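Mind folding the following:
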Amino acid sequence: MARRIRHRFDPGAPVAGLFFLAVAGVFLAGGLSGEPVVPLEVLVAALLIGLGVVGIVRVLSAGRRRDP
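Model prediction:
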């Protein structure tokens with residue numbers, strides 16, 4: 001039987017997933033209502049801030065996962 005490879009938990013992956021689900025929800029709500037839920041400037045700013053937060057989480061978790 002083949003050995004199962006265990007992967008370490010990457011906290012950046014669920015954070016990124018939840019962030020992109022939230023952005024998709026905003027687009028879906030805007031599409032269903034026929035008018036924008038939030039102004040484009042706010043959405044772009046939130047997208048850039050969210051990507052920055054995801055990047056910080058990934059960098060911090062990568063430094064913690066390294067083997068000595």
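
I'd like to know which elements whatever helix or strand residue 47 lives in is packed against.
Residue 47 belongs to helix 40-65 when assigned by DSSP states H and E. Contacts defined by 3 or more CB pairs under 8 Å, 6 or more residues apart in numbering; DSSP states H and E place helix 40-65 against helix 12-33. All C-beta spots, glycine's among them, are computed from the backbone N, C-alpha and C.

ok, and for the helix it packs on, which residues are buried?
Residues of helix 12-33 classed as buried by neighbour count (16 or more other CB atoms under 10 Å): 12, 15, 16, 19, 26.

can you redo the residues you listed as a markdown table with pLDDT and distance to residue 52?
Formatted as a markdown table, those follow (pLDDT from 0 to 100; distance: CB to CB, whole Å):
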| residue | pLDDT | distance to residue 52 |
| --- | --- | --- |
| 12 | 76 | 12 |
| 15 | 80 | 12 |
| 16 | 81 | 12 |
| 19 | 84 | 11 |
| 26 | 87 | 18 |
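
how far does the helix holding residue 47 sit from the chain's center?
7 Å (CA atoms, centre = their mean, to the nearest Å).

got the angle for it vs helix 12-33?
160 degrees (axes from the mean of the first three to the mean of the last three CA atoms, to 10 degrees).

Which of the buried residues of helix 12-33 sits closest to residue 55?
residue 12 (8.1 Å; CB to CB).

Which residue, neighbours along the chain excluded, lies closest to that closest one?
residue 58 (3.5 Å; CB to CB, 6 or more residues apart in numbering).
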